[in-house]
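>>> Pasting the sequence and the predicted coordinates here, then a few questions.
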Amino acid sequence: MSELVETGRSIVRRALERVGRGWSKMQERRPLSYDLLESDDAYLVVFDAPGVRGDDLNVTFLDHTVEVELDRFRDFYDGYEMLFPGRGISLSGSADLPRDANVTPEGANATLTRNGTLQVEIPKNDDARDVAVVEEDDIDEA
């Protein structure tokens, strides 16, 4: 009888592991959630990044897009066996800034908070606020 019980447990463990790995892969394919905020001086993109350490992430800015790639690791617990590995390990996401945003990546910074968020601040280009507005009546006709 105990062989039958052990066989049943083994089957359940393998099924849970397969389902968990499938769930993990599905999570890795889904882009990270984010919020995009704007102030007078900068844009702020806030990504969900639970379980990530600073050395395990990469933030790039390309053509008005903030791209994030991160790896997180599962902690091991003495005396416990992994049955359902359902959290994705390699996650990524991107956030598009408005096309008319005049930003500069110089001076941008990324902060990983204790509560598992990644805050990427991209300053607005100072020249963008000093553009003079010209009305049609003021334009000389050539």
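Cool, got the structure. Worth saying up front: this structure is predicted, and the values here are computed from it rather than measured.
>>> Now the longest strand belonging to the chain: buried residues?
In the chain, taking DSSP state E as the definition, the longest strand is strand 52-62. Within strand 52-62, the residues that count as buried by 16 or more other Cβ atoms under 10 Å are 52, 56-57, 59, 61. All C-beta atoms are positioned from the backbone trio N, CA, C, and that covers glycine.
>>> packing partners for the helix or strand just after that strand?
Next helix or strand after strand 52-62 toward the C-terminus (DSSP states H and E): strand 65-72. Helices and strands touching strand 65-72, by 3 or more Cβ pairs under 8 Å, 6 or more residues apart in numbering; DSSP states H and E, are strand 52-62, strand 90-96, strand 117-123.
>>> Relative to N109, which of those strands is closest?
In terms of Cβ to Cβ, the element of these nearest to N109 is strand 117-123, at 5.5 Å.
>>> roughly how far out does that closest one sit from the chain middle?
11 Å (Cα atoms, centre = their mean, to the nearest Å).
>>> Please work out which residues outside that strand touch it.
By Cβ atoms under 8 Å, 6 or more residues apart in numbering, the residues outside strand 117-123 that reach it are 41-49, 52, 57, 59, 61, 66, 68, 70, 97, 103-113.
>>> same check, this time on stretch 95-105
34, 36, 43, 45, 47, 61, 64-66, 122-125, 127-128.
>>> Beyond the lowest-mean-pLDDT helix or strand in the chain, next helix or strand please.
For the chain, counting by mean pLDDT, DSSP states H and E, helix 2-29 ranks last in confidence among helices and strands (a mean of 68). Sequence-wise, the next helix or strand downstream of helix 2-29 (DSSP H and E) is strand 34-38.
>>> Please state the offset of that following strand from the chain centre?
The answer for strand 34-38 is 12 Å, by Cα atoms, centre = their mean.
>>> List the contacts of it.
43-48, 93, 95, 97.
>>> I'd like to check the angle between that strand and strand 65-72, please.
Computed by axes from the mean of the first three to the mean of the last three Cα atoms, to 10 degrees, the angle separating strand 34-38 from strand 65-72 equals 140 degrees.
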